[in-house]
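Student: can't give you the sequence, but here's the structure:
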């Protein structure tokens, strides 16, 4: 069988997340249905990241096996014809038979957008978290530097997670100011469930003075979810890229 | 009576345009209703620009007269409590009694976003025009320079317009590339009905080679709507700022 790789973008607010569910529209479910309509085959769709309800993706990756003879690069157009507008297959291509979107991933980039303003801008409201407290961006930059490296990120994992280990490596956090928008880009070898959202909530708590500016190392060391900040809302988060 | 000035942002896709209509939701209509709910008064809302259905605004301006004693800066919060999320009053303040948002405007900035890619990005689809033909940005820049100045822009006016004169002054067109997005910012003393959308359609026709690269001066001189390019879709357009 051939193995087809996909790059997928979607608007998270339209779906109950990536993972297939009964009685709810999901990205995986819609893709599986579109593959069936194009190939007549019931495929398993392997996604790189199981994004939550509301989380957007610009560079989600997936793959599926098929016996169809459709040229690999035509799958994008064929699948898009059977997908809602809120999901687009941006690219499709042949990948090696053993390629697996999730197990093969070497790293990921997530982007979190924060709108700094008392009144939420309706043009960006679906893609950012409106944060009304004044933020000291230099404090956020300093605290972000404390996150870099290989740590046990148990403090930044949603309660009840089942990951075998909570050790992850964060390579880089880029912080960009673009007018009222504060954009945080997280690069790492993998992220725990809700990890980017809890890191963002914690960085903003430090930036707004709700937590001390030197709090980050102790929060990491505590391995206790209760020590970190709130889980930032899903709508501000985007899975930007997956690295192989 | 006091005169209250507003800066308003809205997501155009949610409305049948600015101007009040029976049996359709409009920004002016929603504002008038919100003012009534806050003050108990039936006000006339004077808007700076009557944006079309689908056109977004980040810096629309309006004013209304009131006898209410509410502090001017509180109107933003009070009105927002009675407006749909797709409209936000970003600022409110006292303006001189004679101030009129439309007649007092000295200039405007409109932004048009073009998504250059074969497949439309679902995260920006509501705010840009997906243009599949390859574009030569240098040709667009050169043609945009021919637009600058005071001209009779009759070729760029929707058929059936009732403006007294079609002479307008375009001060500047900024063209910015941001990844797949091509952003055109138009600054001028005023724009005819559909003028920015027809200018954009014409610039893109030149950039894609559908019109000769030196076509712009002759199109302007012709004063004939049929000589210009298509009217670019409303959803790519935003009223960015109004100058007084």
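Tutor: Noted; the coordinates are in hand. Nothing here was measured: the structure is a model prediction, and the numbers come from that model. Numbers count the residues shown, from 1 in each chain, chains lettered A, B, ... in the order given.

Student: all contacts plus neighbour counts: C-alpha atoms, from now on.
Tutor: Will do.

Student: What parts of chain A come near chain B?
Tutor: Residues of chain A lying close to chain B by CA under 8 Å from any CA of the partner chain are A:9-11, A:56, A:58, A:85-90, A:119-123.

Student: switch to 7 Å and redo it
Tutor: Counting by CA under 7 Å from any CA of the partner chain, chain A comes close to chain B at A:9-11, A:85-88, A:90, A:119, A:121-123.

Student: Any of those residues buried? List them.
Tutor: Among the residues of chain A next to chain B, those classed as buried by 16 or more other CA atoms under 10 Å in any protein chain shown are A:9-11, A:86-88, A:90, A:119, A:121-123.

Student: now, the most widely separated pair of the residues of chain A next to chain B?
Tutor: A:90 and A:119 (33.5 Å; CA to CA).

Student: ok, which stretches of chain A are helices?
Tutor: Per DSSP state H, chain A carries helices over the ranges A:27-39, A:75-80, A:137-147, A:195-207, A:216-222.

Student: quick one: terminal-to-terminal distance for stretch A:99-115?
Tutor: End-to-end distance of stretch A:99-115 (CA to CA, to the nearest Å): 38 Å.

Student: ok, back up a step: residue A:48: which of the residues of chain A next to chain B is nearest?
Tutor: Using CA to CA, the residues of chain A next to chain B come closest to residue A:48 at residue A:9, 12.6 Å.

Student: List the contacts of the closest residue to the closest one other than its chain neighbours.
Tutor: Excluding the flanking residues, the one nearest residue A:9 by CA to CA, 6 or more residues apart in numbering or on different chains is residue A:58, at 4.2 Å. Shown in contact with residue A:58 (CA atoms under 7 Å, 6 or more residues apart in numbering or on different chains): A:8-10, A:238-240.

Student: Next, find the distance separating residue A:58 from residue B:88.
Tutor: Using CA to CA, residue A:58 is found at 27 Å from residue B:88.

Student: for residue A:144, same thing?
Tutor: 33 Å.

Student: Could you pull out the buried residues of stretch A:94-103?
Tutor: For stretch A:94-103, a neighbour-count test (16+ other CA under 10 Å) marks A:95, A:99-102 as buried.

Student: Same check on stretch A:13-22?
Tutor: Buried, per 16+ other CA under 10 Å, within stretch A:13-22: A:13-20.

Student: Over to stretch A:228-244?
Tutor: The neighbour-count check on stretch A:228-244 (16+ other CA under 10 Å) flags A:228-243 as buried.

Student: got the contact list for it?
Tutor: Residues contacting stretch A:228-244 (CA under 7 Å, 6+ apart): A:13, A:54-61, A:104-114, A:126-129, A:155-156, A:197-198, A:200-202, A:205, A:219.

Student: Can you give me the end-to-end span of it?
Tutor: Terminal residues of stretch A:228-244 lie 31 Å apart, using CA to CA.

Student: Next: stretch A:98-115.
Tutor: Stretch A:98-115 has an end-to-end distance of 42 Å (CA to CA).

Student: now the contacts of residue A:58 in JSON lines, with distance to residue B:192 and pLDDT?
Tutor: Below are the contacts of residue A:58 laid out as JSON lines (distance: CA to CA, whole Å; pLDDT from 0 to 100):
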{"residue": "A:8", "distance to residue B:192": "40", "pLDDT": "98"}
{"residue": "A:9", "distance to residue B:192": "37", "pLDDT": "98"}
{"residue": "A:10", "distance to residue B:192": "36", "pLDDT": "98"}
{"residue": "A:238", "distance to residue B:192": "38", "pLDDT": "98"}
{"residue": "A:239", "distance to residue B:192": "41", "pLDDT": "98"}
{"residue": "A:240", "distance to residue B:192": "40", "pLDDT": "98"}
